[in-house]
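**Student:** Dropping a prediction and its sequence here:
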Amino acid sequence: MIRLKDVELEYENGTEAIRGISLNIEDGEFVFLVGPSGSGKSTIIKLLTGELIPSSGRIMVNGFAVSSITSKKLPMMRRTLGVIFQDFRLIEKKTVYDNLSFVMRAVGATPKEIRKRIPYVLELVGLQDKAQSHPNELSGGEQQRVAIARALVNNPTTIIADEPTGNLDPDRSLELMALLVKINELGTTVVVVTHEKELVNRFGKRVVTIDEGKAISDQVGGYVGGRIHA
Amino acid sequence: MHEHNFGYFFHEGLSNMFSHGFMSFAAIGITVACLLIMGTFSLVAVNANALLEELESENEILAYVDDSFTEAQAQALQTTLEKTPNVASATYISKEEATKAFQDQYPNEQMFQNLNPDIFRDRYAIHLTDLRQTAQTKAALEQIPGIVKVNAYEEISNGFITVRNVATVVCITLILILFIVSVFIVSNTIKLTTFDRREEIAIMRMVGATNSFIRWPFVYEGFMLGLLAAVIAFFLQWGLYEAVARGVASNDTLQLIRVVDFRQLWSQVAAVFAGAGILVGIGGSLSAIHRFLQI
């Protein structure tokens, strides 16, 4: 569950990145955060992951008060999240299997748990045959599926995807979004940041539109040019 | 820390070392050089100290007995002298022995060969425990009834103390400077590794790895760099020391200097090198990783 209450973020140079956003996302929801470039979408993601601390307001993520979280609790909060980036951020020198195993090891999983979990997650994203491949041997779509597998491997409550289709062609983008919908149907909350209106319109999910650091609409339906279609 | 992670941390640390082979080689080389210089100065200080102790033990003060005392009375003073604070030993020297010692100093001076022993006084050759308290001890000895005069060569004692103090200060200063230089070099080497792995560190942080989990592989890397440097430096130091000791022993002038046997020192040298190497390695790695763990 994600709660943002009157969240504001002002940088040291006086720029107001977020201007009083309030937002609730329930467990198991699928939400698109949409808006033009520079609207504050990615800043919200950084606030949710604890990379940025709001100037004012309150943020709760999966039971953790992120706006006032201690450095000791921050890793525990992040273990409830799986984050997917536009540029995949895979470790080139590691195989697909090792890219996944190292994040499991990072949260204290045993070798036995790792051996059991990784084949399951790779099968979920359709990459069971690519475990020993290196990222540079995979297509863009496959690399992004590895990134999804990595986000899923620690069994998070919430998946946060920041422009996950930004580097993919339309077919691969659709395929990837379908995969995120499938993951959502298995019970994981999914928050997708995107500015691809056609893609958003195809899924008929909840859409929160951000513009100039404010949430200007919150509806189930589609999105065209900053306006919402019910 | 989970037990099964030890192998992982060790593997990651080792792999970090080899991924920047040249910088690791440079860090080990610099640390070895610093340990060697530090070790050499320390060993010189140890030998200088041993030499000074030897010279100090030979530096005696003389307490002269009253002429009116019989030999028996003079010898009876020994207990009182030995009980005086800071007196390590007091050796009785009779007038006759003093005369003979004087004559032995001038074997070719005919006029000294028929001296009457009565012109000399009975005396005590006194060794002190702590040369720094020479003046106080001299004053205490002068208070003893029967002791009429005390000759103490305070300027020589003070000279020994000054030499030792200067050697200690120079040694400590050099050790500190070299230690900081080593930490800096190791820190920069590990910074390269952390820079190379910044993406990996960012991902680990994003998935909820604790700071200690992120830190451990780098600490292992620093530990291994430091330990390896210490082992290499130890064997080089050993070889160097033995070579210098052989050189001193075979030199006609220098052979009077007694070089402390390395077998008496090797365990301390090994412990200090291992300790300093590991400290430099771990200190360097912690300083390098610090800024990556701020967010």
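**Tutor:** Right, received. Where do you want to start? Residues are numbered from 1 along each chain as shown, chains lettered A, B, ... in the order given.
**Student:** which SS class is the nearest residue to A:Leu9 once chain neighbours are set aside?
**Tutor:** With Cβ to Cβ, 6 or more residues apart in numbering or on different chains as the criterion, A:Leu9 has its nearest non-adjacent residue at 4.1 Å, and that residue is A:Ile18. Every residue, glycine included, has its C-beta placed from N, CA and C. At A:Ile18 the chain is in strand, as set by DSSP: H, G, I helix; E, B strand; the rest coil.
**Student:** Same question for A:Gly82.
**Tutor:** Under three-state DSSP, the three-state class of A:Gly82 is strand.
**Student:** Just to check, it is in contact with A:Leu152?
**Tutor:** Yes - between A:Gly82 and A:Leu152 there is a contact at 5.7 Å, judged by Cβ atoms under 8 Å.
**Student:** one step back: residue contacts, the residue nearest to A:Leu9?
**Tutor:** For A:Ile18, the contacting residues are A:Val7, A:Glu8, A:Leu9, A:Gly40, A:Thr43, A:Ile44, A:Leu47, A:Pro54, A:Gly213, by Cβ atoms under 8 Å, 6 or more residues apart in numbering or on different chains.
**Student:** Those residues in strands, which ones?
**Tutor:** Among these, the residues falling in strands (DSSP state E) are A:Val7, A:Glu8, A:Leu9.
**Student:** Quick check: phi and psi on B:Ser89?
**Tutor:** phi -160, psi 150 (degrees, to the nearest 10).
**Student:** circling back: which residues are in contact with each of A:Gly82 and A:Leu152?
**Tutor:** Counting by Cβ under 8 Å, 6+ apart, the residues touching both A:Gly82 and A:Leu152 are A:Ile159, A:Thr188.
**Student:** one step back: for PyMOL, write the selection for the buried entries among the contacts of A:Ile18.
**Tutor:** Typed into PyMOL, the line below selects the buried ones among the contacts of A:Ile18, using 16 or more other Cβ atoms under 10 Å in any protein chain shown:
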select buried, chain A and resi 7+9+40+43+44+47+54+213
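**Student:** From B:Leu240, how far off is the residue nearest the centre of chain A?
**Tutor:** Nearest to the geometric centre of chain A sits A:Ile160, at 1.5 Å (Cα atoms, centre = their mean). According to Cβ to Cβ, to the nearest Å, A:Ile160 stands 60 Å off from B:Leu240.
**Student:** In terms of helices and strands, where is the residue nearest to A:Ala131 when sequence neighbours are not counted?
**Tutor:** Nearest non-adjacent residue to A:Ala131, counting by Cβ to Cβ, 6+ apart: A:Tyr97, 4.3 Å away. Assessed by DSSP states H and E, A:Tyr97 sits inside helix A:96-106.
**Student:** Three-state assignment for the nearest residue to B:His20 once chain neighbours are set aside, please.
**Tutor:** Using Cβ to Cβ, 6+ apart and skipping residues adjacent in sequence, the residue nearest B:His20 is B:Leu192, 5.3 Å away. What three-state DSSP gives for B:Leu192 is helix.
**Student:** Report pLDDT for B:Leu192.
**Tutor:** B:Leu192 is assigned a pLDDT of 75 by the prediction.
**Student:** give me the number of residues near it?
**Tutor:** Neighbours of B:Leu192 under the rule other Cβ atoms under 10 Å in any protein chain shown: 17.
**Student:** With B:Leu55 instead?
**Tutor:** Neighbour count of B:Leu55, defined by other Cβ under 10 Å: 14.
**Student:** need the contact list for it.
**Tutor:** Here B:Leu55 is in contact with B:Phe160 (Cβ under 8 Å, 6+ apart).
**Student:** Run through the residues that contact the nearest residue to B:Val280 once chain neighbours are set aside.
**Tutor:** Nearest in space to B:Val280, with sequence neighbours left out and distances taken as Cβ to Cβ, 6+ apart, is B:Ser182 at 4.3 Å. Residues in contact with B:Ser182 (Cβ under 8 Å, 6+ apart) are B:Ile30, B:Thr31, B:Cys34, B:Leu35, B:Val280, B:Gly284.
**Student:** try it again with 6 Å
**Tutor:** Listed by Cβ atoms under 6 Å, 6 or more residues apart in numbering or on different chains, the contact set of B:Ser182 reads B:Thr31, B:Cys34, B:Val280.
**Student:** Just give me the neighbour total for the last one.
**Tutor:** Other residues lying near B:Val280 total 30 when counted by other Cβ under 10 Å.
**Student:** Ok, the second one next?
**Tutor:** For B:Cys34, the tally of surrounding residues (other Cβ under 10 Å) stands at 26.
**Student:** Centre of the chain to the helix or strand hosting it, how far?
**Tutor:** For B:Cys34, the element it lies in under DSSP H and E is helix B:21-58. Centroid separation between helix B:21-58 and its chain, computed with Cα atoms, centre = their mean, to the nearest Å, is 9 Å.
**Student:** which residues touch whichever helix or strand comes after it?
**Tutor:** Per DSSP H and E, helix B:21-58 leads on to strand B:61-65 as the next helix or strand towards the C-terminus. Strand B:61-65 is contacted by residues B:74, B:121-124, B:126, B:141, B:146-152 when judged by Cβ under 6 Å, 6+ apart.
**Student:** Return the members of the residues you listed classed as buried.
**Tutor:** B:Ala74, B:Arg121, B:Asp122, B:Arg123, B:Tyr124, B:Ile126, B:Leu141, B:Gly146, B:Ile147, B:Val150, B:Ala152.
**Student:** Quick one, which of those residues has the minimum pLDDT?
**Tutor:** B:Ala152 (79).
**Student:** I figured that residue was touching B:Lys138, is that so?
**Tutor:** Yes - with contact taken as Cβ atoms under 6 Å, B:Ala152 and B:Lys138 are classed as touching, separated by 4.4 Å.
**Student:** What residues does chain A have near chain B?
**Tutor:** By Cβ under 6 Å from any Cβ of the partner chain, the residues of chain A that approach chain B are A:Pro75, A:Arg78, A:Arg79, A:Val83, A:Ile91, A:Val103, A:Ala106, A:Val107, A:Gly108, A:Pro111.
**Student:** ok, which stretches of the stretch 151-295 of chain B are helices?
**Tutor:** Under the criterion DSSP state H, counting those that start in this stretch, the stretch 151-295 of chain B contains helices at B:154-196, B:198-206, B:211-250, B:262-289.
**Student:** So which bits of chain B are right by chain A?
**Tutor:** B:His2, B:His4, B:Glu200, B:Met204, B:Met206, B:Val207, B:Gly208, B:Ala209, B:Thr210, B:Phe213.
**Student:** Now render those as JSON lines, adding distance to B:Leu51, pLDDT and neighbour count.
**Tutor:** Shown next, in JSON lines, are the residues of chain B next to chain A (distance: Cβ to Cβ, whole Å; pLDDT from 0 to 100; neighbours: other Cβ atoms under 10 Å in any protein chain shown):
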{"residue": "B:His2", "distance to B:Leu51": "54", "pLDDT": "55", "neighbour count": "11"}
{"residue": "B:His4", "distance to B:Leu51": "54", "pLDDT": "58", "neighbour count": "14"}
{"residue": "B:Glu200", "distance to B:Leu51": "55", "pLDDT": "79", "neighbour count": "21"}
{"residue": "B:Met204", "distance to B:Leu51": "56", "pLDDT": "83", "neighbour count": "23"}
{"residue": "B:Met206", "distance to B:Leu51": "62", "pLDDT": "86", "neighbour count": "23"}
{"residue": "B:Val207", "distance to B:Leu51": "62", "pLDDT": "85", "neighbour count": "23"}
{"residue": "B:Gly208", "distance to B:Leu51": "61", "pLDDT": "86", "neighbour count": "21"}
{"residue": "B:Ala209", "distance to B:Leu51": "56", "pLDDT": "85", "neighbour count": "22"}
{"residue": "B:Thr210", "distance to B:Leu51": "54", "pLDDT": "85", "neighbour count": "21"}
{"residue": "B:Phe213", "distance to B:Leu51": "52", "pLDDT": "83", "neighbour count": "21"}
